[in-house]
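Undergrad: Attaching a predicted model along with its sequence, questions to come.
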Amino acid sequence: MYKILVLPGDGVGKEVVHEALKVIKRIESLAHLKFEIKEDQVGGASIDQHGVPITGEVLKKAKDSDAVLLGAVGGPKWDSLDYKVRPEQALLVLRRELGLYANLRPAAVDPSLIEASSLKREVIEGVDILVVRELTGGIYFGTPKGVEKNPDGSERGFNTEVYSTHEIERIAKKAFELARKRKRKVASVDKANILESSELWRRIVTQVAKRFPDVQLSHLYVDNCAMQLIRNPKQFDVILTTNLFGDILSDEAAMLTGSIGMLPSASLGDHHALYEPVHGSAPDIAGKNQANPIAAILSVAMMLRYTFGLYDLALAVEGAVRNVLKEGYRTRDLSVDGTVSTSQMSDLIVERIEH
Ligand code: NAD
């Protein structure tokens, strides 16, 4: 029996995750499978109930699960809290404690949504990129870090970009393995002309590539990659990069596709996995049944593929999403008129999942 921990979180996170659960139910009945689903609190919801963004008990449940499905955390209600107890801390705790070092963010342009992109049709038609971002190292975790007083009374803020061989090796291996299931191309992004940590990154990625002779490796500086993503995004298959560069480039790649409400993600470790939409809790539309549930639903498709190896079923969910969009159904983020609600959109998708 597959074990899934569901953490809806706050705002639209709660709405879209409950729609995504309808997809899981549909999969169960179609494929005669049974998922053991537990639900708990995270983020602001957990702060309200327990005073902390995530409890030890929830963390234990996450470790005992095959996969975690998360909605989103945060919102204005908790914005004035101390940084250490803010809802977003729960995400960092989960990433660290579950060892989720590989963040996968696909950015594929749906043919029916080309007009929703800010770029020209000929530039984005056929774009299908997978950004593989290192998630537990680099400047977000490196020490020393802090803000200190200078002798003259002014202040000095600093962080440390640091990567060790094994951190680069494991994320590079993951990217090459994923590329083997796609177009067999990896573009590794660094700043090796300036940063020593990038020089090591490039050297280790090149070494790992020797174990994958069937995958084509190229190296790009991050500034060039940012430019190429807008100029000619179709040249990319898998983009492999560091925590900081991946944070920025994956948002840029995401926007090629139109709406943030469409974008799923997976965070993988050696023993655990977490799936979540890329978007946040969207306080401006929370509780209005307006949020696009597709990012959460496609996160379930990623779970089926990467944790459970149910490739056909993942394709079935993705196909249903494509068909609903082809038939012209749109949530409010994708169109101003003739829109469907959050629950209507997921019902339409569920009806079209076929095995
Ligand atoms: P956001 O992603 O919540 O919203 C940005 C914009 O996108 C808003 O206009 C929102 O209405 C729209 N949007 C987001 N998801 C949508 C959906 N499914 N359908 C339609 N429209 C959608 O980002 P934000 O406004 O910067 O942050 C709001 C809160 O979410 C903050 O507290 C932030 O810290 C938190 N946040 C959480 C996560 C996470 O849990 N992984 C990620 C980003 C932001």
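TA: Received, thanks. Numbers count the residues shown, from 1 in each chain.
Undergrad: can we go C-alpha only for contacts and neighbour counts from here?
TA: OK.
Undergrad: what's the offset of stretch 296-311 from the middle of its chain?
TA: Here stretch 296-311 is found 12 Å from its chain centre; the criterion is Cα atoms, centre = their mean, to the nearest Å.
Undergrad: Residues contacting it, please?
TA: The list of residues contacting stretch 296-311 from outside it, by Cα atoms under 8 Å, 6 or more residues apart in numbering, reads 2, 16-17, 19-20, 23-24, 66-67, 69, 71, 262-266, 273, 275-277, 313-315, 317-318, 346.
Undergrad: average model confidence for the one helix or strand residue 344 maps to?
TA: Per DSSP states H and E, residue 344 falls inside helix 342-351. For helix 342-351, mean pLDDT is 98.
Undergrad: Now, the contacts of stretch 296-311 that are in helices?
TA: Among the contacts of stretch 296-311, the ones falling in helices (DSSP state H) are 16-17, 19-20, 23-24, 313-315, 317-318, 346.
Undergrad: that older thread, mark which of the contacts of stretch 296-311 are buried, thanks.
TA: For these, a neighbour count by 16 or more other Cα atoms under 10 Å gives the buried set as 16-17, 19-20, 23-24, 66-67, 69, 71, 262-266, 273, 275-277, 313-315, 317-318, 346.
Undergrad: The helix or strand where residue 57 lies packs against which elements?
TA: Assigning secondary structure by DSSP H and E places residue 57 in helix 56-64. If you count contacts as 3 or more Cα pairs under 8 Å, 6 or more residues apart in numbering; DSSP states H and E, helix 56-64 packs onto strand 2-9.
Undergrad: who does the strand it packs on pair up with?
TA: Strand pairing for strand 2-9, determined by DSSP bridges: strand 35-39 (parallel), strand 67-72 (parallel).
Undergrad: could you pull out the strands for the protein?
TA: Ranges of strands in the chain, per DSSP state E, are 2-9, 35-39, 67-72, 102-108, 128-134, 146-149, 155-158, 185-190, 216-221, 238-241, 264-268, 273-277.
Undergrad: With mean pLDDT and distance to residue 87 added, can I get the ones you listed in CSV?
TA: CSV is the format used below for the strands of the chain (pLDDT from 0 to 100; distance: least, Cα to Cα, whole Å):
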stretch, mean pLDDT, distance to residue 87
strand 2-9, 97, 9
strand 35-39, 97, 17
strand 67-72, 98, 9
strand 102-108, 95, 20
strand 128-134, 97, 22
strand 146-149, 95, 21
strand 155-158, 97, 24
strand 185-190, 98, 31
strand 216-221, 98, 34
strand 238-241, 98, 27
strand 264-268, 97, 18
strand 273-277, 97, 15
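Undergrad: so which of those strands gets nearest residue 116?
TA: Closest of the strands of the chain to residue 116 is strand 102-108, at 12.9 Å (criterion: Cα to Cα).
Undergrad: No further questions, thank you.
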